[in-house]
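Q: return a 3D structure for these sequence lines:
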Amino acid sequence: MFAPIFARVCRSARVPVAVAAAILLTTPAYAEEKTRSGQTLLDVDWSSAATRAAPVPVLDPDGPDAAKLAVLKLPVLAFAGIPQLVKNVAGQRPKLIEDRTVLVDPKQPYWYQITETYDGITVGVSADRRVNHVVGEEFQIGDKKSGAAATLGSTEKPNVSILDGRTEEGMEGLIITYTVHKFPDIPYTITIECAKRAVSQCKDINVITKDEGLLAVISMGAGK
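A: All right, here's what the predicted structure looks like:
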C-alpha cells in the first residue's frame, strides 16, 4: 500500500527528494572529494559524527542490515528509538509488519535508504553525499559558490512538508517529509507515510519536531 507512493516521493535513494526540491544551500568550501566517475561528494566531518553515536545499537551488529551499512562512506543517521508519531498511530508497542528495508549500493557507497513499516504508518530515512545539482552563480545569493558548496538544500531548521489529498488529487493518506543537515551539511531526508485512518495523528507537528531528537548515528560505515 505504502511502497508506490513512498518510492514516488523519494524518487530513489540515489536522489533524495529534499536534495531535488529544496532551496539554495550555502555550504563551507572544502577540498572536494569525488567518486570514481568524477562526481563531487559533500564533505563529512567524521569526528563530529563519532561523538553522536547511538547509545545502544539499533540493528543487530551481526545481522545483514548492519553488514550492508558497514560499507558506506557516510555516517548512517536513523531513529534510535521508535518515534512517538509511530506509537500514536500503531500503538504504544508497535511492531514491524514488514521486514525493515535497507538499500545501499556497494559500488556507490555514498547513499542509503532505510524504511520501516508499521500498522498504518511507514517511516524512511535516506541520505546521499553525491552532489546531484549545482546552482549557477547567476542564481546564487551572497558570496558565489562552486562545486559541493553550490548544491541545493538548506542548513536552517528543517521545514516539515505535508502532501495530502489537498495537494495531490485522489490521495487518501498523507506523506510528510523534512530534511536535516549533519556532519556538517549532509542532507538526511525523513519521509513518513500515513494511512487514511491515521491522518489526524500524523499531522501533529509538535510530535514530529520532538521525534527529530531521536535521530542518531547508528553506523559509521567504512569511513572515508
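
Q: give me the helix or strand of this structure that scores worst on average pLDDT.
A: None of the helices or strands of the chain scores lower by mean pLDDT, DSSP states H and E than helix 17-21, at a mean of 38.

Q: which residue is the nearest non-sequential neighbour of residue 49?
A: Leaving aside its chain neighbours, residue 49 sits nearest to residue 75 (3.8 Å; criterion: Cβ to Cβ, 6 or more residues apart in numbering). Just so you know, the C-beta spots here come from the backbone N, C-alpha and C atoms, and that holds for glycine as well.

Q: the one you found and residue 223 touch, don't they?
A: No. Between residue 75 and residue 223 no contact is recorded; they are 9.2 Å apart, counting by Cβ atoms under 8 Å.

Q: partner residues bridging the residue nearest the centre of the chain?
A: Nearest residue to the geometric centre of the chain (Cα atoms, centre = their mean): residue 189, 2.5 Å. Per DSSP bridges, the residues bridged to residue 189 are residue 126, residue 179.

Q: thinking it is in contact with residue 177, fair?
A: Yes. Using Cβ under 8 Å, residue 189 and residue 177 qualify as a contacting pair, with a distance of 6.4 Å.

Q: list the contacts of residue 94.
A: For residue 94, the contacting residues are 82, 86-87, 118-119, by Cβ atoms under 8 Å, 6 or more residues apart in numbering.

Q: helix or strand: which one has it?
A: Using DSSP states H and E, no element contains residue 94; it sits outside every helix and strand.

Q: quick check: closest non-adjacent residue to it.
A: Across the structure, with Cβ to Cβ, 6+ apart as the measure, the residue nearest residue 94 apart from its sequence neighbours is residue 118 (4.6 Å).

Q: bridged to that neighbour, which residues?
A: Each beta-bridge partner of residue 118 is listed here: residue 121, as defined by DSSP bridges.

Q: that one: neighbouring residues, count only.
A: 20 (other Cβ atoms under 10 Å).

Q: pretty sure it contacts residue 90?
A: Yes. If you go by Cβ under 8 Å, residue 118 and residue 90 touch, sitting 4.1 Å apart.

Q: quick one: the strands in the protein?
A: For the chain, applying DSSP state E gives strands covering 33-34, 40-41, 76-79, 101-103, 111-118, 121-128, 161-163, 174-182, 186-194, 215-219.

Q: residues near residue 222, how many?
A: Once other Cβ under 10 Å is used to define contacts, residue 222 is seen to have 12 neighbours.

Q: and residue 120, what does it touch?
A: Counting by Cβ under 8 Å, 6+ apart, the residues that residue 120 touches are 89-90, 194-195, 197-198.

Q: one more: residue 101?
A: With contact set as Cβ under 8 Å, 6+ apart, residue 101 has these partners: 113-116.

Q: residue ranges with poor pLDDT in the protein?
A: Across the chain, the ranges flagged by pLDDT under 70 are 1-32, 53-57, 132-157, 167-169, 224.

Q: could you redo the last one with a cut-off of 90?
A: In the prediction, the chain carries residues with pLDDT under 90 at positions 1-40, 47-63, 131-159, 163-172, 185, 221-224.
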